[in-house]
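Visitor: Give me the fold of what follows.
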Amino acid sequence: MKNSTIKHDISKTLINWYQQNKRELPWRDITDPYKIWISEIILQQTRVNQGLSYYLRFVERFPIVSLLAEADEDEVLKYWQGLGYYSRARNLHKASKQVMNDFGGFFPSDFSSVLSLSGIGSYTAAAICSFAYNLPHAVVDGNVYRVLSRLFAIETPIDSGKGKKEFEEVASQLLPVDNAAEHNQAIMEFGALQCVPVSPQCDVCPLSGICLANANGLVDKLPVKSKKTAVDHRYFNYLYIEHNAHTFLQKRTEKDVWQNLYEFPLIESDKLLSVPELFEHERFNSLFENIDNINVLEITNPMKHVLSHRVINVQFITINISELNDKLRNLIQVSFSEIDKYPVSRLMEMFLQQKMV
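Guide: As a prediction, the model looks like this:
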């Protein structure tokens, strides 16, 4: 971008638009790096209207980094419950301990130190440093990719190494070094509210006159993605076992979806199982070994949890038993009234809400 006048005009236009159209959000117009960090992590995979209530609840319970660092991981995950992508919460917790141990309890104020924290990549580090300290680091998220690709008709795929480098360079060239915070907020908000993915209102866009995609009929074709992620289907048969007003949980400790959350005993298979198939399954027979009366009361309709590269197909099977064996005793036995204290996946939460009605 050689013309500094165009660069200045674009930034000025974006900031003017932002001042007139921005949403009032609790993490805006503040310079607390801790709260800005919490908001950025929540909004990584979550829409603003969904993430707002979680943000408010989270910072009310953990208003400063030391309280987050001191908390038990189960409690942190419980406050995160329903947001998904739970590695974000685990990394938040880990990073809070890094702040306490490596930075004396003070959130770092330079890009490389912020980047060193667990779960923080270049985008999040740029956002924190610009919003909290007004440092000249350009943010490039999905909204910014869309605005820049359309504005300059950039057809380089955004999911390629070449594309990421090109967009970062363009974003940096646009950035006013003395007003990085407001510019970054402006271009992100512009992408979220004005330059939207489908059917943007180009006729009322303040940048339509210089937008190359608008001039060349490319708005619906940009940005470009080159890669298609293969979708993996998995099948979870959860056993909701009832015994004397109690049920049974286990903790997912492996590095997998929903790591460190609690769940009912699980049979993962190559499809959702019918009752006869269930009784023939080795895992089922092992779990209920030496138990005579196993009553299957209900099987829910299939439920789906769609992630970026996998689909989890789930059914919940309610089973009543009148006696226990050693394998069930080795699980976590929980009363119906206490189960809501455990962090669980959104699908389990929905099932339990229906059960408790």
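
Visitor: Now the longest helix belonging to the chain: buried residues?
Guide: Identified as the longest helix of the chain according to DSSP state H is helix 4-21. Along helix 4-21, these residues count as buried under the neighbour rule (16 or more other Cβ atoms under 10 Å): 7, 10-11, 13-15, 17-18. Every C-beta, even on glycine, is put in place using the N, C-alpha and C of the backbone.

Visitor: That helix packs against which elements?
Guide: helix 161-174, helix 180-193 (3 or more Cβ pairs under 8 Å, 6 or more residues apart in numbering; DSSP states H and E).

Visitor: mind listing what residue 123 touches?
Guide: 139-141 (Cβ atoms under 8 Å, 6 or more residues apart in numbering).

Visitor: thinking again about what came up before, now, of the helices and strands packed on helix 4-21, which is deepest in the fold?
Guide: A comparison of the helices and strands packed on helix 4-21 by mean neighbour count, using mean count of other Cβ atoms under 10 Å, puts helix 180-193 on top with a mean of 22.

Visitor: C-terminal to it, what's the next element?
Guide: helix 212-215 (DSSP states H and E).

Visitor: ok now that next one, how far from the chain's centre?
Guide: Here the centre of helix 212-215 is set off from its chain's centre by 32 Å, with Cα atoms, centre = their mean, to the nearest Å.

Visitor: could you pull out the helices for the stretch 251-357 of the chain?
Guide: 275-280, 282-287, 326-329, 346-355 (DSSP state H, counting those that start in this stretch).

Visitor: Repeat that for the stretch 51-200 of the chain.
Guide: Counting by DSSP H, counting those that start in this stretch, the helices of the stretch 51-200 of the chain are 65-70, 73-80, 87-102, 111-115, 122-133, 142-151, 161-174, 180-193.

Visitor: wait, which of these is closest to residue 323?
Guide: Among the helices of the stretch 51-200 of the chain, the nearest to residue 323 by Cβ to Cβ is helix 73-80 (29.7 Å).

Visitor: tell me what the closest one is packed against?
Guide: Using 3+ Cβ pairs under 8 Å, 6+ apart, helix 73-80 sits against helix 48-61, helix 87-102.

Visitor: now the angle from the worst-scoring helix or strand of the chain on mean pLDDT to helix 142-151?
Guide: The helix or strand of the chain with the lowest confidence, counting by mean pLDDT, DSSP states H and E, is helix 4-21 at a mean of 87. In terms of direction (axes from the mean of the first three to the mean of the last three Cα atoms, to 10 degrees), helix 4-21 departs from helix 142-151 by 130 degrees.

Visitor: With only the CA atoms kept, save the following helix or strand past helix 4-21 in CSV.
Guide: Note on helix 4-21: by DSSP H and E, the next helix or strand toward the C-terminus is helix 33-42. This file holds the C-alpha atoms of helix 33-42, laid out as CSV (Å, rounded to 0.1, in the frame of the first residue of the first chain):
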residue,chain,number,x,y,z
PRO,A,33,-5.1,-6.4,30.2
TYR,A,34,-6.5,-9.2,32.4
LYS,A,35,-10.1,-8.5,31.5
ILE,A,36,-9.3,-7.8,27.9
TRP,A,37,-7.5,-11.2,27.8
ILE,A,38,-10.6,-13.0,29.2
SER,A,39,-12.8,-11.4,26.7
GLU,A,40,-10.6,-12.3,23.8
ILE,A,41,-10.3,-15.9,24.8
ILE,A,42,-14.1,-16.2,25.2
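
Visitor: for helix 33-42, packing partners?
Guide: Secondary elements touching helix 33-42 (3+ Cβ pairs under 8 Å, 6+ apart): helix 48-61, helix 87-102, helix 122-133.

Visitor: ok now the first one, how far from the chain's centre?
Guide: If I follow you right, that is helix 48-61. Here the centre of helix 48-61 is set off from its chain's centre by 13 Å, with Cα atoms, centre = their mean.

Visitor: Then stretch 11-26?
Guide: What separates the centre of stretch 11-26 from the centre of its chain is 25 Å, taken as Cα atoms, centre = their mean.

Visitor: next one: stretch 103-111
Guide: Relative to the centre of its chain, stretch 103-111 is centred 24 Å away, using Cα atoms, centre = their mean.

Visitor: What residues of that stretch count as buried?
Guide: 103, 107-108, 111.

Visitor: again, but for stretch 294-304
Guide: For stretch 294-304, using 16+ other Cβ under 10 Å, the buried residues are 294, 299-300, 303.

Visitor: Show residues contacting it.
Guide: By Cβ under 8 Å, 6+ apart, the residues outside stretch 294-304 that reach it are 242, 272, 275, 278-279, 288, 311-321, 347, 350-351.

Visitor: how far is that stretch from where the chain is centred?
Guide: Counting by Cα atoms, centre = their mean, stretch 294-304 comes out at 29 Å from the chain centroid.

Visitor: okay, now the closest residue to residue 99 other than its chain neighbours: neighbour count?
Guide: Closest residue in space to residue 99, ignoring its immediate chain neighbours: residue 65 at 5.1 Å, by Cβ to Cβ, 6 or more residues apart in numbering. Look at residue 65: counted by other Cβ atoms under 10 Å, it has 24 neighbours.

Visitor: my read: residue 341 touches residue 81, true?
Guide: No - here residue 341 does not reach residue 81: they are 11.0 Å apart, not a contact under Cβ atoms under 8 Å.

Visitor: How is this structure partitioned into domains?
Guide: Annotated domains of the chain cover 4-140+164-206, 232-355 [automatic domain parsing].
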